[in-house]
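*Asks:* Here is the input, now give the coordinates:
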Amino acid sequence: MSGVLILSSHVASSEVGGGYQRAVLGALEIESILVPTVLFGRHPGLGPPGGGATPLAIFEGMLEGVAADGALGRVEAVIAGYFADPGQVLAAARTIDAVRAASPNALILVDPILGDDPKGLYVKPAVAEAIAAELTPRADILTPNAWELAYLTDLPVASPAEALAAARTLGKPALVSSLTVGRSIGVLWAGPREAWLASHKRAPFAPNGTGDLLTCLFLAAVLGGAAEPDALETAVSDVAAKIMGRDVAVALEALA
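*Replies:* Below is the predicted model of the structure:
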């Protein structure tokens, strides 16, 4: 198998996006294919990033090349992440349909990268609308942060209980990050029959890219055969250790 097809950003000098996910998966000996939606020199939050969005014709052409190589029938999973243009979202949707036809057991993970608190929406409204309309329904697993879950569902997500209620309205499993849990921060797994919350002490500073890291670590654990609660605990523990530079105690609890 060719591992994971990543449809997301490539940022040359920052540990974010699809390029970062490809590096992390490679370290875990999971092969991946990255078709970049943008080519940036650095994270835009640091200033002018350099580079720009991948032109739609080039993005579609790369996907055609990947398909012509027979790779869509060999992938175990797809990560759909950051998109710069609604046309890219439509091309990604067609590619997901092609993967489902060629590799029916492939896992489709959609990380609806739309915005965050307190910045709000940081993609074009047309991109957000396309992701909600075209990619969310095609996902096997959604991985929004708390702000994105509230945006997608138009429901409050101020607590784990509210996040679980909102996630249930999506009609599919969700991994929800950046939840406030008292003085801690948490990640919720809302599966079809069970829900689990992993939380740990807040870090003084959380770098960009933690959501990208969480998504690919969770996916890697699931592909490796871990049950979702175990994948949740492993991924959250590894992200916390990365942020804080040491092992961090993670509390795992089942939610009703």
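*Asks:* What score does the residue lying farthest from the centre of the chain have for pLDDT?
*Replies:* Residue farthest from the centre of the chain, counting by Cα atoms, centre = their mean, is A68 at 26.0 Å. Looking at A68, its pLDDT reads 97.
*Asks:* where does this structure have low pLDDT?
*Replies:* Residues of the chain meeting the criterion pLDDT under 70: 1-2, 256.
*Asks:* ok, now how distant is the spatially most central residue of the chain from T54?
*Replies:* In the chain, the C-alpha nearest the mean C-alpha coordinate belongs to D111, at 3.2 Å (Cα atoms, centre = their mean). Distance, D111 to T54, using Cβ to Cβ, to the nearest Å: 18 Å. Every residue, glycine included, has its C-beta placed from N, CA and C.
*Asks:* Show me the strands in the protein, by range?
*Replies:* With strands called from DSSP state E, the chain shows them at 3-11, 32-40, 51-53, 75-80, 107-110, 115-116, 120-121, 141-142, 174-181, 184-190, 195-201, 251-255.
*Asks:* Can you spell out which helices and strands pack onto the first one?
*Replies:* When you say that, I think you mean strand 3-11. Judged by 3 or more Cβ pairs under 8 Å, 6 or more residues apart in numbering; DSSP states H and E, the packing partners of strand 3-11 are helix 17-27, strand 32-40, strand 75-80, helix 86-102, helix 210-223.
*Asks:* And the last one, what's buried?
*Replies:* Read that as helix 210-223. Buried residues in helix 210-223, defined by neighbour count with 16 or more other Cβ atoms under 10 Å: 210-223.
*Asks:* which one of the strands of the chain is the most hemmed in?
*Replies:* Neighbour counts (mean count of other Cβ atoms under 10 Å) averaged over each of those peak at strand 3-11, with a mean of 26.
*Asks:* Okay, domains of this structure per the record?
*Replies:* The chain breaks down by automatic domain parsing into domains covering 1-139, 144-256.
*Asks:* where's the first one relative to the chain centroid, distance-wise?
*Replies:* Put plainly, it is domain 1-139. Relative to its parent chain, domain 1-139 has a centroid offset of 9 Å by Cα atoms, centre = their mean, to the nearest Å.
*Asks:* Could you find the closest non-adjacent residue to G209?
*Replies:* V16 (3.8 Å; Cβ to Cβ, 6 or more residues apart in numbering).
*Asks:* wait, what's in contact with L219?
*Replies:* By Cβ atoms under 8 Å, 6 or more residues apart in numbering, L219 lies in contact with V4, A77, I79, L107, L109, I141.
*Asks:* Check V78 too.
*Replies:* V4, L5, I6, L7, T95, I96, V99, A106, L107, I108, L109.
*Asks:* any chance of the buried residues of helix 210-223 in TSV, with distance to A254 too?
*Replies:* Converted to TSV, the buried residues of helix 210-223 look like this (distance: Cβ to Cβ, whole Å):
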residue	distance to A254
T210	24
G211	24
D212	27
L213	25
L214	20
T215	22
C216	25
L217	21
F218	17
L219	22
A220	23
A221	18
V222	18
L223	23
